[in-house]
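A.B. asks: need the 3D shape of this:
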Amino acid sequence: ALAAERERHRDLVLVNASLPTELPNSVVEMSFAWWIAAAARFPNAVFLGKTDDDAWVHLPRLALELRGAQACLPRSTLYIGKHIVAT
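C.D. replies: Below you'll find the model as predicted:
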């Protein structure tokens, strides 16, 4: 289903990576591989976004946030999200 979505809309980047393991850096490595692949696939993108398949994104709010960020921080690196650290 994801491959069909990617072909139809050309807006998904799928990375051939192993699922995270119990190793401390495995999630970071998988995420890093995705960002590298996305930047290579969409070199002229103004924004790149990453989410999980079980997340819900409020698109009108995201668009509003990105327009504001773009006005304040043109050509800068911006991260919008939440870091969850388990101890």
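
A.B. asks: quick check, central residue of the chain?
C.D. replies: residue 50 (1.7 Å; Cα atoms, centre = their mean).

A.B. asks: ok, that residue - contacts?
C.D. replies: 31, 34, 35, 38 (Cβ atoms under 8 Å, 6 or more residues apart in numbering). Backbone N, C-alpha and C define where each C-beta goes, glycine included.

A.B. asks: can you say which of these are buried?
C.D. replies: 34, 38 (16 or more other Cβ atoms under 10 Å).

A.B. asks: tell me the one of the contacts of residue 50 nearest residue 7?
C.D. replies: residue 38 (16.8 Å; Cβ to Cβ).

A.B. asks: which non-adjacent residue is nearest that closest one?
C.D. replies: residue 13 (4.5 Å; Cβ to Cβ, 6 or more residues apart in numbering).

A.B. asks: same check on residue 30?
C.D. replies: Per Cβ to Cβ, 6+ apart, closest to residue 30 is residue 17, 4.6 Å.

A.B. asks: thought the one you found was touching residue 31?
C.D. replies: No: Residue 17 is not in contact with residue 31 according to Cβ atoms under 8 Å; the separation is 9.1 Å.

A.B. asks: residue 37: neighbour count?
C.D. replies: By the criterion of other Cβ atoms under 10 Å, residue 37 has 15 neighbours.

A.B. asks: so where does residue 61 fall, helix or strand?
C.D. replies: helix 59-72 (DSSP states H and E).

A.B. asks: three-state assignment of residue 55?
C.D. replies: Going by DSSP: H, G, I helix; E, B strand; the rest coil, the secondary structure assigned to residue 55 is coil.

A.B. asks: distance of it relative to residue 72?
C.D. replies: Applying Cβ to Cβ, to the nearest Å, the value for residue 55 to residue 72 is 25 Å.
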